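Asks: attaching a predicted model along with its sequence, questions to come.
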Amino acid sequence: MPPIKEERLNLRLSARDNALIKEAAETRGTSVSEFVTQPAVRRARQELADQRHFVMDDETWDRFVAALDRPARLNERLASFLRRPSLLDADQ
């Protein structure tokens with residue numbers, strides 16, 4: 001039994017794009033909602049997986065872990081930059 005769909009997503013699009021999507025959904029024999037939603041959900045899963053799941057060979061993994069294990073080094077140029085007042089500071 002498919003899950004109950006309780007949410008809506010409103011889109012603004014041109015009449016031309018709307019007609020094209022409706023025609024393509026009809027040709028495929030599916031609803032406009034399914035036609036638009038299925039690829040969007042696949043893309044969302046892929047985008048999130050790309051940010052959460054990393055595949056590395058053993059050598060790359062070892063170098064990655066070694067970099068994480070190294071003590072942090074002070075970058076004086078960066079520290080100096082961060083000490084400077086920002087345009088966003090309220091005091092200016």
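Replies: Nice, I can see it. Numbering: from 1, shown residues only.
Asks: where does residue 72 sit: helix, strand or coil?
Replies: Secondary structure assignment for residue 72 (DSSP: H, G, I helix; E, B strand; the rest coil): coil.
Asks: next up, phi/psi of it, please.
Replies: With angles defined as degrees, to the nearest 10, residue 72 sits at phi -70, psi 150.
Asks: for the helix or strand where residue 23 lies, packing partners?
Replies: Assigned by DSSP states H and E, residue 23 falls within helix 15-28. Counting contacts by 3 or more C-beta pairs under 8 Å, 6 or more residues apart in numbering; DSSP states H and E, helix 15-28 packs against helix 32-52. From N, CA and C alone the C-beta is placed, and that goes for glycine too.
Asks: immediately after the helix it packs on, which helix or strand?
Replies: Proceeding N to C from helix 32-52, the next assigned helix or strand is helix 58-69, under DSSP H and E.
Asks: and residue 19, how far is that from residue 66?
Replies: 57 Å (C-beta to C-beta, to the nearest Å).
Asks: how about residue 26?
Replies: Residue 26 is 56 Å from residue 66, by C-beta to C-beta.
Asks: number of nearby residues for residue 83?
Replies: A total of 7 residues lie near residue 83 under the criterion other C-beta atoms under 10 Å.
Asks: the helix holding residue 23: which residues count as buried?
Replies: residue 25 (16 or more other C-beta atoms under 10 Å).
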